[in-house]
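> Sequence plus the predicted model coming up.
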Amino acid sequence: MTASGPSGTESASRPAFVLASASPRRLDLLAQLGLTPDRVFPADIDETPARDEAPRLYVRRMAVEKAAVVVRQIETPALVLAADTVVALGRRILPKAEDRDTARTCLRLLSGRRHTVLTALQCRPSSSWPEGQTAERVVETAVTFARMTDRQIEDLLDKGDWQGKAGGYALQGHAAGFIRALSGSASAVIGLPLFETAQLLRGQPGRWLL
């Protein structure tokens, strides 16, 4: 679905499509499906993991809470898509790298090891669109890094595309040259699993996607 005009006014024939994220990567991925949200409505929630919270439970909770926060603020018919992505080493959830030291710590932990990237999705209709269906998925992808020297890690950090990324790297960035294997969904690692997103939208009433 695309916006009907520059103001993002929803189409008269179906609810507005709302993305509960300001991530430019998720917008780019939606564009691969031919979708442009009518509204981009980032969810402001506390993203602190609970004590001993498992990564799969945490990422699902984040997607559910993001969708719920945005839906509560929308009075018109709408379908909200929320997503969250985490990088996990076993039960350990790695942080989003907001500074170089954090990114360095993450890359040293990931060097030469296999880790898991989990991305959770939830589609949730607003209360004024009762025909819509709440649906969700959690997509798990295994990623293996080659062993990196300290110099190689510092060179990656100099590139800067780790900023704000879970686990301190971007699959679509310079770190790709050190990823030895990936089993699962590459688009999920970037932030939005395209197959599962398309399936959720195809399951909604109306022709969201062919």
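Yep, it's here. Numbering: from 1, shown residues only.
> Helices of this protein, start to end?
With helices called from DSSP state H, the chain shows them at 24-32, 55-72, 100-110, 150-159, 186-190, 194-202.
> any chance of the ones you listed in CSV, plus mean neighbour count and distance to residue 43?
For every residue, glycine as well, the C-beta is placed using N, CA and C. Listed next are those as CSV, based on neighbours: other Cβ atoms under 10 Å; distance: least, Cβ to Cβ, whole Å:
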stretch, mean neighbour count, distance to residue 43
helix 24-32, 16, 12
helix 55-72, 20, 4
helix 100-110, 18, 23
helix 150-159, 14, 29
helix 186-190, 23, 19
helix 194-202, 18, 17
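> Tell me which of those sits nearest to residue 122.
Proximity to residue 122 (Cβ to Cβ) singles out helix 55-72 among the helices of the chain, at 4.4 Å.
> related to what we said a few turns ago, mind checking which of the helices of the chain is nearest residue 165?
helix 100-110 (7.8 Å).
> about what we covered before: redo the helices of the chain as CSV? Include mean pLDDT and distance to residue 176.
Converted to CSV, those look like this (pLDDT from 0 to 100; distance: least, Cβ to Cβ, whole Å):
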stretch, mean pLDDT, distance to residue 176
helix 24-32, 95, 14
helix 55-72, 97, 22
helix 100-110, 97, 13
helix 150-159, 96, 10
helix 186-190, 97, 10
helix 194-202, 96, 18
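> Make CSV out of those helices and add distance to residue 93.
Putting these into CSV (distance: least, Cβ to Cβ, whole Å) gives the following:
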stretch, distance to residue 93
helix 24-32, 20
helix 55-72, 5
helix 100-110, 11
helix 150-159, 21
helix 186-190, 15
helix 194-202, 21
